[in-house]
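Enquirer: can't give you the sequence, but here's the structure:
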């Protein structure tokens, strides 16, 4: 004959469940603390240690080829520095990690049903490259914002740009300006000329589809526009003394 369990028989089970949930909550809280503290700790480390991007880590884990030689900003052609800033973030020296005006315009365009593009600053791209994933999503974009503010507050503009130019993807397994210059032009990043710099800078939005050494008509047109913009970007590079003057 079946016996119904009384309250006294269910109590040990309830107690075990409560204990399990308490442990789970503690683990989740500790995990959240680690997640919140990890970026600031890593940013402090990255102030002096060359970082690797999440995309590079993914390739390392899958035993795929990675070509990257970290170099200081002084070892990168001023032409490439000006071209990249002109192409990716003309207000780099003026904002605090986020171009709120551009972001507001994109949000407004999204509300009107238009295609959204741009508004991602170099600092936001550094946040994505170092801490987040590459697939586009509103969640990733929302996470980029506080990380960009944190990076801008903790690192100098020079260091932020140096990190960006050393982790940016410039082809399958090619990361950073030095590896890109060697792979596409057979020369150092410091030796890049205006035309080469413009082609590399305009390849960044689509590094797997655009060939800086032999650009298609569309890419070549973008590079020509970039050369003109890079020539006029000097007044906006006050945070990068020594790299603004044309050579």
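Expert: Everything's here; your move. Predicted, not measured: the structure shown is a model, and the values here were computed from it.
Enquirer: ok, residue 152 - contacts?
Expert: Under the criterion of Cβ atoms under 8 Å, 6 or more residues apart in numbering, the contact list for residue 152 reads 96-97, 123, 160. Where C-beta positions appear, they are placed from N, C-alpha and C, glycine not excepted.
Enquirer: again, only this time at 6 Å
Expert: The contact partners of residue 152, by Cβ atoms under 6 Å, 6 or more residues apart in numbering, come to 96-97, 123.
Enquirer: Among those residues, the buried ones, what's the PyMOL command?
Expert: In PyMOL syntax, the buried subset of the contacts of residue 152 is picked out as below (16 or more other Cβ atoms under 10 Å):
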select buried, resi 97+123
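Enquirer: got the contacts of residue 152 as JSON lines, with secondary structure columns?
Expert: Output for the contacts of residue 152, formatted as JSON lines (DSSP: H, G, I helix; E, B strand; the rest coil):
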{"residue": "96", "secondary structure": "coil"}
{"residue": "97", "secondary structure": "coil"}
{"residue": "123", "secondary structure": "helix"}
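Enquirer: Could you single out the nearest of the contacts of residue 152 to residue 60?
Expert: Nearest to residue 60 among the contacts of residue 152, counting by Cβ to Cβ, is residue 123 at 24.7 Å.
Enquirer: Next one: that closest one from residue 187, what distance?
Expert: Distance from residue 123 to residue 187, counting by Cβ to Cβ, to the nearest Å: 29 Å.
Enquirer: likewise residue 141?
Expert: From residue 141 across to residue 187, the span is 36 Å (Cβ to Cβ).
Enquirer: Please say which of the two ends up with more neighbours.
Expert: Between residue 141 and residue 187, residue 141 has the larger neighbour count (other Cβ atoms under 10 Å), namely 17 against 13.
Enquirer: Show the contacting residues for the more buried one.
Expert: For residue 141, the contact set (Cβ under 6 Å, 6+ apart) is empty.
Enquirer: any idea how far it is from residue 98?
Expert: From residue 141 over to residue 98 (counting by Cβ to Cβ), the distance is 11 Å.
Enquirer: So what's the gap between the helix or strand hosting residue 228 and the chain middle?
Expert: Using DSSP states H and E, the element containing residue 228 is helix 217-231. When distances are taken as Cα atoms, centre = their mean, to the nearest Å, helix 217-231 is centred 23 Å away from the chain's centroid.
Enquirer: One more: stretch 55-72?
Expert: The answer for stretch 55-72 is 15 Å, by Cα atoms, centre = their mean.
Enquirer: pLDDT averaged over it, what's the number?
Expert: In this model, stretch 55-72 has a mean pLDDT of 97.
Enquirer: List the contacts of that stretch.
Expert: By Cβ under 6 Å, 6+ apart, the residues outside stretch 55-72 that reach it are 50, 134, 166, 173-176, 178-179.
Enquirer: same thing with stretch 229-247?
Expert: Contacts with stretch 229-247, where a contact means Cβ under 6 Å, 6+ apart, come from 78, 81-83, 85-86, 93, 157.
Enquirer: Could you rerun that using 10 Å?
Expert: By Cβ atoms under 10 Å, 6 or more residues apart in numbering, the surrounding residues in contact with stretch 229-247 are 73-74, 76-87, 89-94, 156-158, 160-161, 193-194, 197-198, 201, 226.
Enquirer: how far does stretch 65-84 stretch from start to finish?
Expert: Distance between the boundary residues of stretch 65-84 (Cα to Cα, to the nearest Å) amounts to 25 Å.
Enquirer: Could I get the buried residue list for that stretch?
Expert: For stretch 65-84, burial by neighbour count (16+ other Cβ under 10 Å) applies to 66-71, 73, 76-84.
Enquirer: All the helices of the chain, in order from the start?
Expert: 7-46, 54-61, 78-88, 100-111, 122-131, 138-154, 157-167, 177-185, 194-203, 217-231 (DSSP state H).
Enquirer: Those into CSV, with extra columns for distance to residue 211?
Expert: As requested, the helices of the chain are exported to CSV (distance: least, Cβ to Cβ, whole Å):
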stretch, distance to residue 211
helix 7-46, 31
helix 54-61, 19
helix 78-88, 17
helix 100-111, 29
helix 122-131, 21
helix 138-154, 28
helix 157-167, 19
helix 177-185, 8
helix 194-203, 8
helix 217-231, 8
